[in-house]
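> Build me a model:
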Amino acid sequence: MSVGEPTSESAPFLSDDSEVEGQEEGGASSQRTEEEPASGVSDVRALLTVLILCYINLLNYMDRFTVAGVLTDIEHYFGINDEKSGLLQTVFICSYMFLAPCFGYLGDRYNRKLIMSCGITFWSAVTLASSYTPREHFWALLLTRGLVGVGEASYSTIAPTIIADLYVKGKRTNMLSIFYFAIPVGSGLGYIVGSQVSNIANNWHWALRVTPGLGLIAVLLLIFVVQEPKRGAIETRPEHHLHQTSWLTDLQALRKNRSFVLSTFGFTAVAFVTGCLALWAPTAAVFAGKKAPCVEAHCSSSESLIFGAITCVTGVLGVASGVQVSRQLRKKTPRADPLVCAAGLLFSAPFLYLAIVFAEASTYATYVFIFFGETFLSMNWAIVADILLYVVVPTRRSTAEALQIVVSHLLGDAGSPYLIGVVSDCLRKSDSYLWQFRSLQLSLLLCAFVCVAGGAFFLATAIFIESDRNRAENYVPSDDEPIVVPKSGRSTRVPVSSVLI
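Residues are numbered from 1 along each chain as shown. Model (predicted):
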């Protein structure tokens with residue numbers, strides 16, 4: 001047995017059988033017939049898997065932004081201010097962020113389909129429970145929104161790695177673009193469905209009861225249709241056998257990956273701005289329209305509907321244009337991906353700034369500027385995911401996804417909605433309608449400056465992207481990296497150099 005070849009005894013207990021078989025047969029991969037894909041999944045099943053993952057991703061973001069679509073109703077129902085309203089998004093992102101590393105660790109080692117199925121079932125149940133929060137217990141709504149992050153963390157860290165194990169190169173980029181279309185479209189549908197269901201039922205609680213049923217359908221599709229691909233098999237050369245390394249070793253390798261670190265900070269800027277706009281843009285639009293303040297239990301939802309439609313359209317345009325521009329630019333430079341991400345953020349900054357400045361003068365101008373600003377901002381989604389997948393080796397991708405989620409949310413949208421609410425309350429000199437708008441307007445100006453900082457990080461990523469991609473594509477496990485070997489019926493990790501041949 002060669003040094004790098006794992007045995008069936010060293011496979012994790014919860015690993016999918018197809019994965020174990022694929023590891024045992026790694027040395028025979030060069031003799032694989034053309035009829036059998038390297039991933040172990042047929043072309044039709046692979047496409048269905050991507051579509052199901054896209055559907056779940058859409059539900060994920062639809063549920064996340066349903067609260068933003070009925071935020072004004074929630075404020076009046078519980079009698080809370082901007083600061084407490086911002087906490088609704090913050091507690092969700094915090095739980096999602098802190099649990100992501102746990103699921104990233106599990107996703108790199110155990111059956112991913114099982115992990116996602118359990119997570120989505122839990123998410124659906126907690127979301128349904130949050131819709132029954134009584135008026136006097138706002139803390140219960142905060143708690144249930146925080147628990148929703150548990151289910152979403154189990155999915156978001158793992159789904160992109162399954163797509164990476166099904167496709168490579170151009171096909172992978174295309175499939176990732178389909179997957180990430182669901183983010184802006186789902187976000188927009190969250191505003192639309194939340195506000196419209198609340199309108200029809202004349203009760204905002206019903207807005208939170210739409211996605212749980214759709215989530216249970218997603219679980220059934222995962223169990224009966226999705227097939228677990230062999231981890232890394234589609235891109236592993238026959239002479240190189242990838243093996244699992246310790247979590248600390250993975251973290252150390254990712255810390256030294258400059259493209260991964262810099263692109264993560266760039267994406268943090270995207271998360272910060274997206275979090276701010278997601279929660280506060282519809283509310284700001286209400287003030288910009290100079291309507292009378294809503295004092296009823298159920299408020300008008302036209303702004304959420306308009307903003308939701310803009311988010312859907314700009315998301316599709318942004319993701320599609322980002323992928324196409326990147327594909328054409330790759331013919332001229334291998335640094336195309338980070339350059340397109342940088343351009344998207346730098347072009348988005350002035351449009352978002354103008355949207356906020358012109359809000360008081362013209363609501364129509366505000367919507368036009370937001371349209372262009374969000375279009376450029378959405379150019380990053382699929383490209384950032386693609387960058388991570390090709391600069392990180394297959395056995396560390398779930399961990400890398402989790403780490404990127406932690407950093408981008410910790411410094412991004414975990415605190416940005418709450419920060420904007422706090423700044424708005426601090427700047428407000430009186431409780432007049434004018435100062436409710438003016439304080440929120442001034443606090444939102446921060447988004448434009450964060451976009452510029454994010455663009456700078458992506459420009460720095462372009463400096464290192466070639467060397468880091470070549471290092472990942474030509475990765476050969478070193479003799480000092482620990483591998484999993486059986487010891488008295490239990491697995492333990494030892495350096496390769498200490499294994500007797």
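
> C-alpha only now, for contacts and for neighbours.
OK.

> For stretch 225-242, the averaged confidence score.
Per-region confidence: stretch 225-242 scores 66 on mean pLDDT.

> With stretch 71-89 instead?
Rounded mean pLDDT across stretch 71-89 is 76.

> Give me the distance between that stretch and the centre of its chain.
Taking C-alpha atoms, centre = their mean, to the nearest Å, one finds the center of stretch 71-89 at 24 Å from the center of the full chain.

> May I see the buried residues of it?
71-74, 76-77, 82-89 (16 or more other C-alpha atoms under 10 Å).

> Next, the contact list for residue 348, please.
Counting by C-alpha atoms under 8 Å, 6 or more residues apart in numbering, residue 348 makes contact with 372-377, 448, 451.

> Select from those the one having the most neighbours.
residue 377 (31 neighbours; other C-alpha atoms under 10 Å).

> quick check, that one in a helix?
Yes: using DSSP: H, G, I helix; E, B strand; the rest coil, the assignment for residue 377 is a helix.

> hang on, residue 163 packs against residue 176?
Yes: between residue 163 and residue 176 there is a contact under C-alpha atoms under 8 Å: 7.3 Å.

> what are the ranges of the helices in the stretch 201-350 of the chain?
211-224, 247-256, 258-288, 302-329, 336-357 (DSSP state H, counting those that start in this stretch).

> Centre of the chain to the longest one, how far?
In other words, helix 258-288. Per C-alpha atoms, centre = their mean, the centroid offset for helix 258-288 relative to its chain is 12 Å.

> Need the mean per-residue confidence for that helix.
80.

> Can you tell me the closest non-neighbouring residue to residue 218?
The spatial neighbour of residue 218 that comes closest, neighbours along the chain excluded (C-alpha to C-alpha, 6 or more residues apart in numbering), is residue 56 at 6.3 Å.

> roughly how far apart are the one you found and residue 222?
In this view, residue 56 and residue 222 are 9 Å apart by C-alpha to C-alpha, to the nearest Å.

> Just after the helix or strand containing residue 44, pick out the following helix or strand.
Element membership of residue 44 [criterion: DSSP states H and E] is helix 43-69. Following helix 43-69 in sequence order, the next helix or strand is helix 71-78 (DSSP H and E).

> Can you name the next helix or strand after that next one?
As assigned by DSSP H and E, the chain's next helix or strand after helix 71-78 is helix 82-107.

> Report the angle between that next one and helix 43-69.
Helix 82-107 runs at 160 degrees relative to helix 43-69, counting by axes from the mean of the first three to the mean of the last three C-alpha atoms, to 10 degrees.

> neighbours around residue 460, how many?
Neighbours of residue 460 (other C-alpha under 10 Å): 18.

> residue contacts, it?
Neighbours of residue 460 in contact, by C-alpha under 8 Å, 6+ apart: residue 262.

> if I look at it, how far off is residue 415?
In terms of C-alpha to C-alpha, residue 460 sits 25 Å off from residue 415.

> tell me, what residue is most central in the protein?
For the chain, residue 156 is the residue whose C-alpha lies nearest the centre (C-alpha atoms, centre = their mean; 5.7 Å).

> Spit out the contact partners of it.
Contacts of residue 156 by C-alpha under 8 Å, 6+ apart are residue 57.

> Return the per-residue confidence for it.
80.

> out of residue 56 and residue 222, which sits in the more crowded spot?
When residue 56 is set against residue 222 and neighbours are counted by other C-alpha under 10 Å, the residue ahead is residue 56, at 27 against 21.

> Do I have it right that that one meets residue 216?
No: contact status for residue 56 versus residue 216: not in contact, 10.2 Å apart, counting by C-alpha under 8 Å.

> Quick check, residue 261 in contact with residue 253.
No: using C-alpha under 8 Å, residue 261 is not in contact with residue 253, being 10.8 Å away.

> quick one: which of the two has more around it?
residue 261 (20 against 14).

> Roughly how far does the more buried one sit from residue 252?
12 Å.

> Give me the nearest residue to residue 388, chain neighbours excluded.
The nearest residue in space to residue 388 (C-alpha to C-alpha, 6+ apart) is residue 260, at 6.2 Å.

> what's near enough to touch the one you found?
So residue 260 contacts 254, 387-388, 391-392 (C-alpha under 8 Å, 6+ apart).

> one more time with 10 Å
254, 266, 384, 387-392, 400, 403-404, 461, 464-465, 468 (C-alpha atoms under 10 Å, 6 or more residues apart in numbering).

> Fine, thanks again, bye for now.
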